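> Provided below are the primary sequence and the corresponding predicted coordinates.
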Amino acid sequence: MHGRPRRPAKPEDEAASSAKAAKLRDLQAQVLQNHHSRTYTKEAIGLSFKLLEINPEAYTAWNYRKLAFQHNIKELYDPEAIRSAADDELRVVEVALRQNPKSYGAWYHRKWLLNQKLAPVDSKREFGLLDKLLKVDARNFHGWNYRRFLARFMGVPDEEELKYTMDKISDNFSNYSAWHNRSILLSNLLIQQSKGLNQSSVKLKSDLDFGKDIRWRALSVTDSGYSNCWATHLQIANEWSSSQQYSVDVSIPCSDDIVSRSGSTYNCPVHLTFAIELISDEAQDIDLFDKPVSWNRSESFQPHENHESMPFDLLKITSALVEEDSNWHFERLSEEIDLFRELPDDNSKFVKLTLARLLLACAAIKSRGRSLIERKRYCEEAMGYFSDLIRLDPSHKRYYEDERSLVLMDKVWRLCSSLCP
């Protein structure tokens, strides 16, 4: 597993494996029989435990235990008895996790039990289990996933979880699971209004500056091959700039005052529902969109004598806000480019790939205006990085060649368009 050489089997190992397989087949047959016959006795449930103790990946056994638990819990009325039954199931999960800490069925069964909300959750026990597991394997993404679930379930603030995650990253900079957890927590904090700061560039920029020492510390000649921080960086940037949608309801009754171009009156009531999307992140601060937009025109319309229509090509949209928004994004991207160019390792593929993507983003912004010379410069520099990546990372050569070809084709197309008015 994961590049480890498999040792040749010894005769005694083969004999033990055969005996284990025979026992496993027998247990599986009995559990399936009990499942089909809906037998939920203590002895039948005990057989499912023996099966899961050997093979935690037996999904049917986990499903059987859920049905048995739901069936038997109906006969319990004493809170202590219910709590004891839930604790027994939790202990079964812990035994299975000792056999396989990455058992999907075991972790899901534990989540399912907590979601039943039959007894108070012992947070000390749950987080203690995770601490022990992550000390053994700090990258166990099942454990991190369960920790996110548990933090939401118990109402643990994202700030506390972020501190725990940063401690784990400090212990091991290449902990991919911790970096992923950090990206999720930061995305949550950007969505919420935390400590009086809203979703603005100040919040994001302050976070990048705060994590600068840890974030870039390992990007040197010896350990710049770690890709987790770069993936996290790109993910946060993409999620932060996501747009928002708002619902719009329009109700129009029958009215003789609504006249079409052909002169017909409007005599069919209609209700329209659609969504508008605001790309600018600053729109989140507008109080107007705190509630769904609704418009119900029940009163009479004011008649209008002139029914001439205006073609769409005559409608003009002011470019002031568009240019301001583009300039803001361009300045932010330029800051990122300067940051990455200051990194010490010139031969890091992650540095070059990130720079190429940032440069192409700047080129896309410049293509909206008339700065075609600047756009050409960004594209040519990005193509140079892709050429370097083909040499530095031959295993992904085809991907880099495709990306470089797309930039080149776009460059040729724009050149032809400029020559053919």
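Here it is on my side, so go on.

> quick one, domains of this structure?
11-213, 244-302, 320-419 (automatic domain parsing).

> residue ranges with poor pLDDT in the stretch 1-150 of the chain?
Within the stretch 1-150 of the chain, the ranges that satisfy pLDDT under 70 run 1-5.

> just the helices in it please.
Along the stretch 1-150 of the chain, counting by DSSP state H, counting those that start in this stretch, helices occupy 11-37, 42-54, 59-73, 79-99, 104-116, 123-136, 141-154.

> give the contact list for residue 381.
With contact set as C-beta atoms under 8 Å, 6 or more residues apart in numbering, residue 381 has these partners: residue 359. C-beta: built from backbone N, CA, C; applies to glycine.

> list phi and psi for it.
Per-residue torsions, residue 381: phi -70, psi -40 (degrees, to the nearest 10).

> need the per-residue pLDDT for it.
We have a pLDDT of 91 for residue 381.

> if I look at it, how far off is residue 52?
Going from residue 381 to residue 52 by C-beta to C-beta, to the nearest Å gives 57 Å.

> for stretch 19-38, which residues meet the burial criterion?
27, 28, 30, 31, 34, 35 (16 or more other C-beta atoms under 10 Å).

> burial of residue 124, as a residue count?
Using other C-beta atoms under 10 Å, residue 124 has 8 neighbouring residues.

> go on, residue 139?
For residue 139, using other C-beta under 10 Å, the count is 16.

> when you give positions from now on, start the count at 8
New numbering, starting at 8: the last item is residue 146.

> correct me if wrong: it contacts residue 187.
No. Judged on C-beta atoms under 8 Å, residue 146 makes no contact with residue 187 at a distance of 9.9 Å.

> isn't residue 79 up against residue 45?
No. At 11.9 Å, residue 79 does not count as touching residue 45 under the criterion of C-beta under 8 Å.

> tell me the first helix or strand C-terminal of the strand or helix carrying residue 390.
Element membership for residue 390 (DSSP states H and E) is helix 379-399. Remark: after helix 379-399, the chain's next helix or strand is helix 404-426, criterion DSSP H and E.

> list the helices and strands that next one packs on?
For helix 404-426, the elements it packs on are helix 379-399, judged by 3 or more C-beta pairs under 8 Å, 6 or more residues apart in numbering; DSSP states H and E.

> residue 179 reaches residue 141, doesn't it?
No. Contact criterion C-beta under 8 Å: residue 179 and residue 141 do not qualify, at 10.5 Å.

> which one's more surrounded, these two?
Using other C-beta under 10 Å, the more surrounded residue of residue 179 and residue 141 is residue 141, with 21 against 11.

> where's the more buried one relative to residue 171, distance?
Taken as C-beta to C-beta, the span from residue 141 to residue 171 is 10 Å.

> same question for residue 75.
36 Å.

> count the residues that sit near residue 338.
Residue 338: 11 surrounding residues under other C-beta under 10 Å.

> still on that earlier bit, tabulate the helices of the stretch 8-157 of the chain (TSV), appending distance to residue 363.
Formatted as TSV, these follow (distance: least, C-beta to C-beta, whole Å):
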stretch	distance to residue 363
helix 18-44	51
helix 49-61	49
helix 66-80	44
helix 86-106	43
helix 111-123	37
helix 130-143	35
helix 148-161	29
